[in-house]
Every structure is written in C-alpha cells, then in structure tokens.
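A.B. asks: No sequence on hand, only this structure:
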C-alpha cells in the first residue's frame with residue numbers, strides 16, 4: 001500500500017525558474033488523494049528558505065517541515081558531533097551554517113561550490129582533511145542540468161578528488177544516503193516500503209531510494225534524464241515515465257488497485 005510520496009525538485013517539479021509542465025497540478029492531485037508528500041532535494045546552491053520561496057512563486061506552498069535538504073542535515077550532524085564547518089560550498093549557501101556554534105574539531109563540508117571550486121579552495125580543504133578534519137559531502141551527484149539546458153559538473157567529481165587525495169571517505173548526507181530518505185519519512189511517519197520516490201536522477205534518486213528499501217522508485221524523463229539512464233544503474237527503476245504527471249497517474253493507479261477488495 002502506498003502511503004507517502006517523496007519528490008525530487010530540480011528537474012521533476014521545476015526546471016530553472018519555471019515549473020515542469022503539469023507539476024503544480026500533479027502535486028495538488030497527490031494531496032487531494034490524501035497522500036503525504038515530502039520534497040527531498042540535493043540542491044546545494046540555494047538556502048532552504050530560497051527553495052521554499054521558489055516553490056511558492058510556482059504556486060506550490062510547502063511547509064518547512066515538508067522540505068529536506070543536505071545543508072539542513074549537515075547542520076544537524078555538525079551540532080551532534082561538535083564540529084565547526086570548513087565550508088567548500090556555493091556562496092549562496094554559506095548563511096545556512098551561520099548558527100553553528102564554534103568547536104575545536106572541524107569538518108569539511110563540500111557542496112556544489114560552482115566557480116569557488118578552484119585550486120586554492122580545494123587544496124585548503126585537502127590540508128584540513130590531512131590534519132584530521134571530518135569529511136561531509138552534501139551530495140555526490142555527478143551532473144546537474146544548468147541554466148543553458150546542458151549538463152554541468154556537480155559536486156560529486158570534487159568530492160571524489162578530495163577522497164582520492166586525502167584517502168578519506170566522505171560521509172554523504174543527501175541522496176542517496178538511506179538516512180536522508182528515512183528522515184523525511186519519519187516526519188509522516190511512514191515505513192520505507194510504503195513510500196514512492198520520484199526523481200530524474202537514476203543513480204541518486206532512484207537506485208539510492210531502492211537501496212534504502214523505498215517500496216517503489218520512479219524515473220522521469222525530464223530534467224537531467226538522458227536516454228538510456230534507466231539501464232545504467234542498479235537497482236533499476238520500478239518504472240520510467242515521461243514526467244511528474246505520468247508518475248502521479250502511476251502512483252494513484254497502483255494505490256487504487258491495492259485498495260480494491
């Protein structure tokens with residue numbers, strides 16, 4: 001029985017500053033059907049407040065407790081473990097970490113820093129890792145769909161470079177980390193097996209969700225999707241559909257069939 005839906009944002013609900021066609025109505029249909037929705041984004045170039053404002057401009061009102069971001073998870077980790085952040089993130093994200101109390105121990109926090117990924121910044125992070133700092137990756141995504149419609153390098157390549165050089169494995173806080181999916185479902189609450197994930201990234205959204213024992217994971221052919229993505233990673237998607245509207249149709253049809261006597 002499907003009891004909750006997890007939705008990726010970039011490439012699924014919106015594309016740049018525009019909603020994916022039909023996305024607003026699709027989210028409304030889930031809510032009208034009584035299905036709790038949680039938004040799980042690996043976006044690391046904008047604060048949580050900025051993401052909520054973007055959704056509101058698109059006509060999708062989302063509560064702060066319905067949106068989960070890697071930066072928020074990182075702040076929780078830093079507080080729990082008593083570490084000060086050494087940030088290698090986009091300038092627009094820095095404010096998310098301003099309330100972290102100072103501590104003796106450090107943790108490198110790597111997100112999609114964009115143009116801030118230069119040698120000096122990477123080498124400074126590397127030296128902190130060699131000196132004993134913890135290593136947090138907000139997300140390991142390979143690519144994202146940029147403003148010009150083409151794919152660009154995401155943070156994953158830079159995380160891999162620092163792992164290689166420092167010989168230290170990063171703690172991933174966003175998708176595909178199982179705890180990230182589970183933390184969103186815990187607010188409903190809903191068992192992982194009773195949830196569906198919808199994303200445009202076959203690796204982090206879909207395979208990651210299925211490895212986290214999410215019941216179903218749907219890949220949509222919008223956003224960063226490229227032909228053949230459904231066959232590139234394991235586990236494979238439960239289904240591959242054209243867009244979020246088709247995904248919602250699939251979800252409601254399966255839910256209805258499970259509820260039939």
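C.D. replies: Thanks, I have the structure now. None of the values given here were measured: they were computed from a predicted structure.

A.B. asks: how about residue 60, what does it touch?
C.D. replies: Applying Cβ atoms under 8 Å, 6 or more residues apart in numbering, one finds that residue 60 lies in contact with 13, 19, 23, 24, 27. Where you see a C-beta, it was placed from the backbone N, CA and C, and this is true even at glycine.

A.B. asks: correction: residue 217
C.D. replies: Residue 217 touches 196, 197, 198, 199, 205, 206, 207, 209, 210, 235, 237, 238, counting by Cβ under 8 Å, 6+ apart.

A.B. asks: In this protein, what residue spans correspond to strands?
C.D. replies: Secondary structure of the chain by DSSP state E: the strands cover 4-7, 14-15, 18-19, 37-40, 67-68, 83-88, 105-110, 134-137, 143-145, 151-153, 171-172, 195-199, 216-220, 239-241.

A.B. asks: Of all those strands, which one is nearest residue 31?
C.D. replies: Closest to residue 31 of the strands of the chain is strand 37-40 (Cβ to Cβ; 6.4 Å).

A.B. asks: Tell me the one of the contacts of residue 217 nearest residue 42?
C.D. replies: For those, the nearest to residue 42 is residue 205 (8.3 Å; Cβ to Cβ).

A.B. asks: The closest one: neighbour count?
C.D. replies: Residues near residue 205, counting by other Cβ atoms under 10 Å, number 31.

A.B. asks: ok, residue 155 touching residue 137?
C.D. replies: Yes: with contact defined as Cβ atoms under 8 Å, residue 155 reaches residue 137; the gap is 6.9 Å.

A.B. asks: Are there residues contacting both of those two? Which ones?
C.D. replies: Joint contacts of residue 155 and residue 137 (Cβ under 8 Å, 6+ apart) are residue 110.

A.B. asks: hey, which helix is longest across this protein?
C.D. replies: Of all segments of type helix in the chain, defined using DSSP state H, the longest is helix 244-259.

A.B. asks: Packing partners of that one?
C.D. replies: When contacts are defined as 3 or more Cβ pairs under 8 Å, 6 or more residues apart in numbering; DSSP states H and E, helix 244-259 packs onto helix 23-32, strand 195-199, strand 216-220, strand 239-241.

A.B. asks: residues of it that come out buried?
C.D. replies: 244, 245, 246, 247, 248, 250, 251, 252, 254, 255 (16 or more other Cβ atoms under 10 Å).

A.B. asks: tell me the contacts of the fourth one?
C.D. replies: Right, residue 247. Going by Cβ under 8 Å, 6+ apart, residue 247 touches 26, 198, 218, 220, 241.

A.B. asks: Which pLDDT value belongs to it?
C.D. replies: Note for residue 247: predicted pLDDT of 98.
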